[in-house]
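> after the sequence you'll find the predicted model.
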Amino acid sequence: MPGHDIIVIGASSGGIEALTEVAARLPEDIPAALFVVVHVAPRSVSVLPQILNRAGPLTAAHARDNEKIKSGRIYVAPPDYHMLVANGAVRLVRGPKENNTRPAIDPTFRTAARNYGARAVGVILSGALDDGAAGLRAIKARGGVAVVQDPDDALFPDMPQNALAAAAVDHVVSKAEIAPLLDRLAREPVSAKDGNVTEELQKETAIEGMNMKASDDDKPGQPSVYGCPDCGGVLWEIQDGEVLRFRCRVGHAYSSEGLLSEQTEGLDTALWTAYRALQENAALARRLAERAKSSAQKKLIIDRFEERAQNAAEQAETIKKLLLSGKLSEPVDKIEDRE
């Protein structure tokens, strides 16, 4: 009987430190394959495999599409590709971004859950927002094991905290305790039965594997009133237990916090655009007023241009104060504390 031999690990801000410690403490003969996803910029040069190779005895490398899965290896998601854990092999796809990132943690976790059931172990390390929480919930639903770094031990506790809120986590441990725990789980025979592959899990993993269909009947959830920040399409609401998520027609996906963050970023961009437009409008109106004065036009025309310049300048100043206040991106708990 196999052990928990498929281990998926997700991290973001502050996660490299934790990953290095885990890699340093893993034994060379661990009977499991490990799949690591860290948020990286699409065109960045990722040196994470080199870092993990120097840290511990296991061989780490960027995964290659259709590469056969072997125990004792660390497969790292390369920049700008989702890493999917298929039956016996790794798949790399440039599918729709999730929470505006690629690679994202949830696609790796969900495909491991679908294809390996109770054999899968999901590990959430330090990071911001809540990528990985839905994927960890999928692993638990299929009978797998959920491990979360203790938020008090994480440099950025948001991802661990959100994972704890989303899933019935089995182990909450410090980064120093993760490797011994994973080694023990890998050697223990799997006793839990695989949970059902739900229709929602089938749909979402099909979308992540770029096997989606065009029909609305094949989309998860119900249409919402929100637009996708990536493409402008309608977002479908997915009620996953207590967790609310969103996915659009072409597959872009967001957690609730991820969508709120992207909308805030979009609002910030829109306000800077409005500020620039009002500044330009005020400057043009002032110039037209000066030209009207020099050509001895009627005072009514001059006053109209000057009034428009003043109104635009005042509106621009109002937007500027809002932008510089930082209130658009202020955490909700800070706003509530102030109130």
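Sure, I can see it.
> for the stretch 51-200 of the chain, give me the ranges with low pLDDT.
For the stretch 51-200 of the chain, no stretch is flagged by pLDDT under 70.
> tell me where it has helices.
In the stretch 51-200 of the chain, the helices defined using DSSP state H, counting those that start in this stretch lie at 105-116, 133-141, 158-166, 175-187, 199-208.
> helix or strand right after the last one?
Which is helix 199-208. strand 222-227 (DSSP states H and E).
> can you pull the buried residues of that following strand?
S224 (16 or more other CB atoms under 10 Å). Bear in mind the C-beta positions are built from the backbone N, C-alpha and C, glycine included.
> sheet-wise, list the partners of it with their directions.
The strands beside strand 222-227 in its sheet (DSSP bridges) come out as strand 234-240 (antiparallel).
> restricting to C-alpha, output the partner strand in PDB.
These are the backbone C-alpha positions of strand 234-240, laid out as PDB (Å, rounded to 0.1, in the frame of the first residue of the first chain):
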ATOM      1  CA  VAL A 234     -18.600  37.800 -16.400                       C
ATOM      2  CA  LEU A 235     -17.300  36.100 -13.300                       C
ATOM      3  CA  TRP A 236     -19.000  32.900 -12.100                       C
ATOM      4  CA  GLU A 237     -19.400  32.600  -8.300                       C
ATOM      5  CA  ILE A 238     -18.200  29.300  -6.900                       C
ATOM      6  CA  GLN A 239     -19.500  28.600  -3.400                       C
ATOM      7  CA  ASP A 240     -16.900  26.100  -2.000                       C
END
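> quick check: angle from it to helix 199-208?
Compare the direction of strand 234-240 with that of helix 199-208 by axes from the mean of the first three to the mean of the last three CA atoms, to 10 degrees and you get 140 degrees.
> and the helix or strand following strand 234-240, what does it pack against?
Downstream of strand 234-240, the first helix or strand assigned by DSSP H and E is strand 243-248. If contacts are counted by 3 or more CB pairs under 8 Å, 6 or more residues apart in numbering; DSSP states H and E, strand 243-248 sits against helix 133-141, strand 234-240, strand 253-255, helix 256-294.
> just send these back as CSV, with mean neighbour count too.
Shown next, in CSV, are those (neighbours: other CB atoms under 10 Å):
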stretch, mean neighbour count
helix 133-141, 27
strand 234-240, 18
strand 253-255, 27
helix 256-294, 15
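> what would the ones you listed look like in a markdown table with distance to R54?
Converted to a markdown table, those look like this (distance: least, CB to CB, whole Å):
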| stretch | distance to R54 |
| --- | --- |
| helix 133-141 | 28 |
| strand 234-240 | 38 |
| strand 253-255 | 33 |
| helix 256-294 | 32 |
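> of the ones you listed, which approaches E98 most closely?
E98 lies closest, by CB to CB, to one member of those: strand 253-255, at 4.2 Å.
> N196: what's it in contact with?
A141, R142 (CB atoms under 8 Å, 6 or more residues apart in numbering).
> circling back to that earlier point, so which of the helices and strands packed on strand 243-248 comes closest to V197?
Judged by CB to CB, the one of the helices and strands packed on strand 243-248 that comes nearest to V197 is helix 133-141, at 9.2 Å.
> orientation of that closest one relative to strand 234-240 in degrees?
Angle of helix 133-141 versus strand 234-240, following the same axes, to 10 degrees, is 40 degrees.
> quick one: contacts of helix 133-141?
Against helix 133-141 from outside (CB under 8 Å, 6+ apart): 8, 10, 105-110, 112-114, 120-122, 124, 145-146, 148, 159, 162-163, 165-169, 195-196, 198, 201, 240-241, 243, 245, 255.
> of those, buried ones?
Of those, these count as buried by 16+ other CB under 10 Å: 8, 10, 105-110, 112-114, 120-122, 124, 145-146, 148, 159, 162-163, 166-167, 169, 195, 201, 240, 243, 245, 255.
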